[in-house]
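In: Need the 3D shape of this:
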Amino acid sequence: MILVRGSGGGTELTGTVFERGEEPPGYKGAPDEDAPYVWVCDSFYEVESGGSSLLVDDEEIRVAFEEPMPRGFDTRDQALTAAKEHVRTQFARIGVDSAAVEIEVTKEDPA
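Out: A predicted model of the protein is given here:
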């Protein structure tokens, strides 16, 4: 598995690219992804009330989470490009300049 971690505004978000032979997590509503590479990561957005508290650039905001939607890809490059874009988009949704988001990609041993 490949971890794609974004950091910006004093917070982080990490998603996972599952490679061929690794089984992405299953949950109610998850599509049956039979692709060689599957990207799974939370999505969230800022809300006025409710949600969860998150500290961004030393300011407390409220965020709500959407159910993760696995996305399948034919190549590793396609999966990593989409993963990086997804992470940057999530930060932009909470007011962090996507260009200021640092992305780190690491290969993890699934065992």
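In: what's the average pLDDT for stretch 77-88?
Out: Average pLDDT, stretch 77-88: 96.
In: Run through this protein and note the low-pLDDT ranges.
Out: For the chain, residues meeting the criterion pLDDT under 70 lie at 26-33, 110-111.
In: can you give me the helices for it?
Out: Here the chain has its helices, by DSSP state H, at 76-93.
In: Spatially central, which residue of it would that be?
Out: C41 (3.4 Å; Cα atoms, centre = their mean).
In: wouldn't it be in contact with K84 here?
Out: No - counting by Cβ atoms under 8 Å, K84 is not a contact partner of C41; they are 10.7 Å apart. In this view, the C-beta of every residue, glycine as well, is placed from N, C-alpha and C.
In: Need the phi and psi values for the most far-flung residue of the chain relative to its centre.
Out: Using Cα atoms, centre = their mean, the residue of the chain lying farthest from its centre is S49. It sits 22.9 Å away. Dihedral pair for S49: phi -150, psi 170, per degrees, to the nearest 10.
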